[in-house]
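Novice: Please work out how this folds:
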Amino acid sequence: MSAFGVHSLIQSATVDDTVDLKSICQTLDIKIRMEENSQDLCRIGEDENKKIIIWLNNTLDQKTKFTFVAIAVAEYIIDANRVTKQGVVYDMFFLRDLSANKATKLIMLATRLAIPEHIIEKLSNALEAQFSKDDTIEPFDADEYVKNAKYLPEFIRCAIKESTSIFLVDNLKNKFEH
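Specialist: The predicted model follows:
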């Protein structure tokens, strides 16, 4: 999928202030399965039928599940070969390091699969407004948005505005590109 394809995919799944991650999974033909008694929190890979599956530990709360799905889908878009050949496993240490990894391609793309660009812009501006006296910044209750989001707060706070992360989408190349 070219950078344009990724952007189009996200745009087609964006409705108002949300991105429909389920729609993105359907478009990419990614299935989600719950696992009982798994040591892994989340993993993505191929099943015996060569279908891409995201397996989630059944004990996870909803926000953690949604967060892992966004990250796993981003992983597949960025490195489909890695996902299909060996699979990728995420654990509690991965979640703990989210903030430290917010400038990686994976987290920048994952946040865009979860949060519309205009909301990321508002979140970034709200943070800047907290540390400046700029009255021209449109008021936005970032704390309320984070509290009500379907994703983990630490994941939402990893969103970096487009001017900082545009290189990701502009330079994204993988096996989906035609």
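
Novice: Okay, residue 99 and residue 12: tell me how far apart.
Specialist: Residue 99 sits 30 Å away from residue 12, going by Cβ to Cβ, to the nearest Å. Every residue, glycine included, has its C-beta placed from N, CA and C.

Novice: okay, which residue is most central for this protein?
Specialist: Per Cα atoms, centre = their mean, the C-alpha nearest to the average position across the chain is that of residue 110, at 2.0 Å.

Novice: give me phi/psi at that residue?
Specialist: Backbone torsions of residue 110, given as degrees, to the nearest 10, read phi -60, psi -40.

Novice: gap between it and residue 49?
Specialist: Distance, residue 110 to residue 49, using Cβ to Cβ: 26 Å.

Novice: Look up how far residue 49 lies from the residue lying closest to residue 45 once chain neighbours are set aside.
Specialist: By the measure of Cβ to Cβ, 6 or more residues apart in numbering, the closest residue to residue 45 outside its immediate chain neighbours is residue 87, 2.8 Å from it. Distance of residue 87 to residue 49, given as Cβ to Cβ: 15 Å.

Novice: which of these two has more neighbours?
Specialist: residue 87 (16 against 7; other Cβ atoms under 10 Å).

Novice: what about the more buried one, distance to residue 150?
Specialist: To residue 150, residue 87 is 25 Å away according to Cβ to Cβ.

Novice: Same question for residue 7.
Specialist: 22 Å.

Novice: swap in residue 55?
Specialist: According to Cβ to Cβ, residue 55 and residue 150 sit 19 Å apart.

Novice: Among the two, which residue is more densely surrounded?
Specialist: Neighbour count, other Cβ under 10 Å: between residue 55 and residue 150, residue 55 has more, with 22 against 17.

Novice: Quick check: buried residues in the host helix or strand of that one?
Specialist: Element membership for residue 55, per DSSP states H and E: strand 52-57. Under the neighbour-count criterion of 16 or more other Cβ atoms under 10 Å, strand 52-57 has 52-57 buried.

Novice: and residue 71, how many neighbours?
Specialist: Neighbourhood size, residue 71 [other Cβ under 10 Å]: 27.

Novice: doesn't residue 107 make contact with it?
Specialist: Yes - between residue 71 and residue 107 there is a contact under Cβ atoms under 8 Å: 7.4 Å.

Novice: Now do the shared contacts for these two.
Specialist: Common contacts of residue 71 and residue 107 (Cβ atoms under 8 Å, 6 or more residues apart in numbering): none found.

Novice: the bottom helix or strand of the protein by mean pLDDT?
Specialist: In the chain, no helix or strand scores lower on mean pLDDT, DSSP states H and E than helix 162-171, which sits at a mean of 52.
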